[in-house]
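Enquirer: The amino acid sequence is not available; the structure is as follows:
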């Protein structure tokens, strides 16, 4: 079987497999922009803004320098994955995407159940969770291109 045979879409059948790092990186850009825009909208929500000003989260956590550091580290994961998905070799890339996608999926799911999420937060979560779960699935089924016939 010729692995360079063109599909009905006019693309090489292996394009999807060969460019997995690029596709994963693009998915991380997409989910990161969703995280960030949801956070920007929170600044326009008077109730959420009031809580931020008094120094608490919707779940009642105190916003401390330690909390902000933890939030920064958490947001660095998808930002970092944009780059790592493009530069890591197959094995490290695959596992980094599985681990990062799992962490971000779990965190997002847990935040939906902490406090009373706003409608826009639920909307963004309905996009972010499937995206990060797709990243995990897509990386999980990624097979080493060197092992392909």
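Expert: Nice, I can see it. These numbers come from a predicted model, not from an experiment.

Enquirer: State the number of residues packed around residue 128.
Expert: When counting by other CB atoms under 10 Å, one arrives at 25 neighbours for residue 128. Placement of C-beta: from N, CA and C, glycine included.

Enquirer: Just the buried residues of the strand or helix carrying it, please?
Expert: Using DSSP states H and E, residue 128 sits within helix 119-140. Neighbour-count burial for helix 119-140 flags 121, 124, 125, 128, 129, 131, 132, 133, 135, 136, 138, 139 (criterion: 16 or more other CB atoms under 10 Å).

Enquirer: Who are the packing partners of that helix?
Expert: Counting contacts by 3 or more CB pairs under 8 Å, 6 or more residues apart in numbering; DSSP states H and E, helix 119-140 packs against helix 20-42, helix 90-112.

Enquirer: Tabulate the ones you listed in TSV, adding columns for distance to residue 76.
Expert: TSV is the format used below for these (distance: least, CB to CB, whole Å):
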stretch	distance to residue 76
helix 20-42	10
helix 90-112	10
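
Enquirer: mind putting these in CSV, mean neighbour count included?
Expert: Formatted as CSV, these follow (neighbours: other CB atoms under 10 Å):
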stretch, mean neighbour count
helix 20-42, 17
helix 90-112, 17
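
Enquirer: Make CSV out of the ones you listed and add mean pLDDT and distance to residue 84.
Expert: Output for the helices and strands packed on helix 119-140, formatted as CSV (pLDDT from 0 to 100; distance: least, CB to CB, whole Å):
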stretch, mean pLDDT, distance to residue 84
helix 20-42, 96, 8
helix 90-112, 96, 5
